[in-house]
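Make a model of this:
(chains A and B)
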Amino acid sequence: MANLLWLQGGACSGNTMSFLNAEEPSAVDLVTDFGINVLWHPSLGMELGDNLQKLLRACVSGEIALDIFAFEGTVVNAPNGTGDWNRFAGRPMKEWVRELANVAQFVVALGDCATWGGIPATAPNPTESQGLQFLKRERGGFLGPDFTAKSGLPVINIPGCPAHPDWITQILVAVATGNAGEITLDEFQRPKTFFTSFTQTGCTRNMHFAYKVSATEFGQRKGCLFYDLGCRGPMTHSPCNRILWNRQSSKTRAGMPCLGCTEPEFPFFDLEPGTVFKTQTVMGVPKDLPAGVDQAGYIKLTGAAKAAAPAWAEEDIFVV
Amino acid sequence: MATGGAKREDHARLLQEIAQMLEDGLETQTEPFPETAQEFARILDELRALDPDDVKGRLVIAGFLNHPYGPDGQRCQECIYYLVHRRWCDLPELSLPVEPEWWCRLWKI
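Presented below is the predicted three-dimensional model:
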């Protein structure tokens, strides 16, 4: 039996919605098959008011063993570092976060906001938001760069806006069943099993990417979304085209560009006209090239690919 | 509804008309080249304001030339909007038949 406590800071509940839609395993499977005892969750917890405070205090004191502390949303520090803009159970949420993180065996940050601050921490960051152990790319965050949970692991970051349901439940199961040792983390403390390959890996538009045929409107079934519509699939680490959403599809499969939401810099767009869902270019060349590709190589490849492109690459081959 | 053959004829006729306009020295706005996506977007806004049948207006605003341009010899052939087999510019605001050796300032790779 592993006790799980889930709290929300500066959050939209997107990761809760995602979690409740998990299928492999489902949120119910966590309880019935994998021995997870959900102590409290904002959408599932029964305790309110004094009873909730009593539960949280019991976790902090060690009276109740806290095996997994899952946090969704940013740590809100405003105004002026007090955290009073996000009060919870009688005190600033950030105080609960500090005390609970210090007693938990594992701390798991769920979604972009909890990992690196996400949208709330975007400049000018009026809520003085931080992720648990990062603020955007900068290591540190609310708990500091040297924080480790009692297990010895730093915060396990599961980014995304929201995180895919199965990324959440599979990591929770691994931790709860004593398999945390098999989780290796990348430089941003993301589980490598999910965040080593690219969003583009498994994308159905890869042949259009290869032959440099561009989609020019949302929802088009032919063409690659990288060249004109700002898709960040070739630069973003996620398994969105390997572990499909709703077991069916992904943004890029549906004709919507990847927004890069598993990377610390998200959101990338500055909302100026011409920047949202538009590939950013400098003198006609994309500002951000596919990971590991240099500009000279990219230009040479484009020339060769266009010259070699077959006629079918320009057609909508998905029409039945 | 136009048949495939009729479409091909329309395409060829329009391509010939455009080629003739450029051959006759149509003055187009080749400069400034949009250095950023924001500048690119402003040219698209100008194109969207045109009558959909105003082919000449599109050529002028986009800065079309019937030859490669610039020190790197930029041309439609390598542009991301160019469909090689259809000889077509697939940028929705242009949607024109074009030749691979042509160029316009909406060139993007």
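
Give me the mean pLDDT for stretch A:11-31.
Averaging pLDDT along stretch A:11-31 yields 95.

now stretch A:194-203
Computed over stretch A:194-203, the average pLDDT equals 97.

Residue A:298 and residue A:284: what is the separation?
12 Å (CB to CB, to the nearest Å). For glycine as for every other residue, the C-beta is placed from the backbone atoms N, C-alpha and C.

Find residues that contact each of these two.
When contacts are counted by CB atoms under 8 Å, 6 or more residues apart in numbering or on different chains, residue A:298 and residue A:284 are jointly contacted by residue B:109.

Comparing these two, which shows the higher neighbour count?
Shown here are residue A:298 and residue A:284; by other CB atoms under 10 Å in any protein chain shown, residue A:284 has more neighbours (21 against 15).

Could you tell me how far the more buried one is located from residue B:35?
Residue A:284 sits 9 Å away from residue B:35, going by CB to CB.

Sheet-wise, list the partners of the one helix or strand in chain A whose mean pLDDT sits lowest with their directions.
The least trusted helix or strand in chain A, going by mean pLDDT, DSSP states H and E, turns out to be strand A:281-282, with a mean of 87. The strands that strand A:281-282 pairs with in its sheet are strand A:285-286 (antiparallel) (by DSSP bridges).

Let me know the next secondary structure element after the strand it pairs with.
Downstream of strand A:285-286, the next assigned helix or strand under DSSP states H and E is helix A:295-308.

Does that next one pack against any helices or strands, and if so which?
Here helix A:295-308 touches strand A:285-286, going by 3 or more CB pairs under 8 Å, 6 or more residues apart in numbering or on different chains; DSSP states H and E.

How about residues contacting the strand it packs on?
When contacts are defined by CB under 8 Å, 6+ apart, strand A:285-286 is touched by residues A:226-227, A:279-280, A:295, A:298-299, B:108-109.

quick one: which of the residues you listed is nearest residue A:76?
Nearest to residue A:76 among these, counting by CB to CB, is residue A:280 at 30.7 Å.

What is the burial count for the nearest residue to that closest one once chain neighbours are set aside?
Spatially, and ignoring its direct neighbours in sequence, residue A:280 is nearest to residue A:287 (4.4 Å; CB to CB, 6 or more residues apart in numbering or on different chains). As a burial measure, residue A:287 scores 10 neighbours (other CB under 10 Å).

pLDDT score assigned to residue A:287?
Residue A:287 is given a pLDDT of 90.

okay but it is in contact with residue A:268, surely?
No - when contacts are counted by CB atoms under 8 Å, residue A:287 is not listed as touching residue A:268 (10.2 Å).

Is the one residue in the stretch 1-150 of chain A that gets nearest to chain B in a helix, a strand, or coil?
Proximity of the stretch 1-150 of chain A to chain B (CB to the nearest CB) peaks at residue A:123, 18.6 Å away. Classification of residue A:123 using DSSP: H, G, I helix; E, B strand; the rest coil returns coil.

Distance of it relative to residue A:249?
Residue A:123 is 33 Å from residue A:249, where distance means CB to CB.

Have a look at chain B and report its longest helix.
Ranked by number of residues, the top helix in chain B under DSSP state H is helix B:4-23.

C-terminal to that one, what's the next element?
Reading on from helix B:4-23 to the C-terminus, the next helix or strand found by DSSP H and E is helix B:37-48.

remind me which residues of chain B are low pLDDT?
For chain B, applying pLDDT under 70 flags the ranges B:1-4.

What's the nearest residue in it when you look at chain A?
In chain B, the residue that lies nearest chain A is residue B:41 (2.7 Å; CB to the nearest CB).

hang on, that residue packs against residue A:277?
No - using CB under 8 Å, residue B:41 makes no contact with residue A:277, being 11.1 Å away.

Export the longest helix of chain B to CSV, keeping only CA atoms.
What follows is helix B:4-23, C-alpha atoms only, in CSV (Å, rounded to 0.1, in the frame of the first residue of the first chain):
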residue,chain,number,x,y,z
GLY,B,4,-9.4,17.5,-64.7
GLY,B,5,-8.7,18.5,-68.3
ALA,B,6,-10.4,21.9,-67.9
LYS,B,7,-8.5,22.5,-64.7
ARG,B,8,-5.2,21.8,-66.5
GLU,B,9,-6.1,24.1,-69.3
ASP,B,10,-7.0,26.9,-66.8
HIS,B,11,-3.8,26.3,-65.0
ALA,B,12,-1.7,26.5,-68.2
ARG,B,13,-3.5,29.6,-69.4
LEU,B,14,-3.1,31.4,-66.1
LEU,B,15,0.6,30.4,-65.9
GLN,B,16,1.1,31.8,-69.4
GLU,B,17,-0.7,35.0,-68.5
ILE,B,18,1.5,35.5,-65.4
ALA,B,19,4.6,34.6,-67.4
GLN,B,20,3.7,37.2,-70.0
MET,B,21,3.1,39.9,-67.3
LEU,B,22,6.5,39.3,-65.8
GLU,B,23,8.1,39.1,-69.2
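
Any residue of it touching chain A?
No - residues of helix B:4-23 contacting chain A under CB under 8 Å from any CB of the partner chain: none, with a closest distance of 13.0 Å.

contacts for that helix?
Outside helix B:4-23, the residues touching it (CB under 8 Å, 6+ apart) are B:2, B:55-56, B:59, B:64-66, B:86-88, B:96-99, B:102.

Residue B:78: neighbour count?
Around residue B:78 there are 24 residues (other CB under 10 Å).

That one contacts residue A:303, correct?
Yes - at 5.1 Å, residue B:78 counts as touching residue A:303 under the criterion of CB under 8 Å.

list the residues that contact both of the two?
What both residue B:78 and residue A:303 touch, as defined by CB under 8 Å, 6+ apart, is an empty set.

Distance of residue A:233 relative to chain B?
Distance, residue A:233 to chain B, using CB to the nearest CB, to the nearest Å: 16 Å.

Fine by me, we can end here.
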